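> generate coordinates for the sequence data below:
(one chain, ligands or ions: 1)
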Amino acid sequence: MTTKKTLKIHEIVKYPDPVLKRICAPITVFDDALRTLVAEMFESMYVAQGIGLAAPQIAIPQRLTVIDVSFKKNPKDKLVLINPEVIERRGSQVEEEGCLSLPEIREKIKRDAWVKVRAQNAYGEWFEVEGEELLARAMLHEIDHLNGVLFIDLISRLKRELVLRKIKKMQKNGEW
Ligand code: NI
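Numbers count the residues shown, from 1 in each chain. Got it, this is the predicted structure:
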């Protein structure tokens, strides 16, 4: 008989929680506790219907993100990026983007069309991953989170004011 450990589902922090503005600290310890956290982050992301989640979004200001652009359809798409850096970038793409910390907000964001990222896995081993289109976008969005940057920081001031007004209205109505 086997027992499956129940993973903790973390609550996702919403804008304007200050943890989302933090420059996150590098991860230096690659132990079982970290690997459990990674598993919990995937589960928390799936429960929230997301394809990417960064540790500051669960109030942990450390350089860790999980991504699954296929949303459970292809196990090979499960990606753990620890201490990630973009080392090459090419082209540009403009697509609508959302964020679990900014529910119901969607804006067109210009991103690199292709990126190569260097990161560590949950065992501390360095690897490189290349991605285009949605994967490039997801990696760039999540790496931004580790530097305290949200996608609404990348839109025009006018559009941002409209978004902030919408958020205020939702907060007032108890919908945020
Ligand atoms: Ni996000």
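
> now do the SS call for the spatially closest residue to residue 77 that is not a sequence neighbour.
Nearest residue to residue 77, sequence neighbours excluded (Cβ to Cβ, 6 or more residues apart in numbering): residue 70, at 4.0 Å. The C-beta positions use only the backbone N, C-alpha and C, and glycine is treated the same way. On the three-state scheme (DSSP: H, G, I helix; E, B strand; the rest coil), residue 70 is labelled coil.

> now residue 70: how far from residue 96?
Shown here: residue 70 relative to residue 96, a distance of 19 Å by Cβ to Cβ, to the nearest Å.

> out of these two, which sits in the busier spot?
Neighbours were counted for residue 70 and for residue 96 using other Cβ atoms under 10 Å; residue 70 has more, 14 against 10.

> what's the spacing between the spatially closest residue to residue 21 that is not a sequence neighbour and residue 131?
Excluding its sequence neighbours, the residue lying closest to residue 21 (Cβ to Cβ, 6+ apart) is residue 148, at 4.4 Å. The gap separating residue 148 from residue 131 is 22 Å, by Cβ to Cβ.

> who has more neighbours out of those two?
For the pair residue 148 and residue 131, the greater number of neighbours falls to residue 131 (20 against 16), based on other Cβ under 10 Å.

> which non-adjacent residue is nearest that one?
Nearest residue to residue 131, sequence neighbours excluded (Cβ to Cβ, 6+ apart): residue 139, at 5.6 Å.

> can you check the pLDDT for that neighbour?
Here, the pLDDT recorded for residue 139 equals 98.

> residues in contact with it?
Contact analysis of residue 139 by Cβ atoms under 8 Å, 6 or more residues apart in numbering lists 67, 79, 81, 84, 86, 115, 117, 129, 131.
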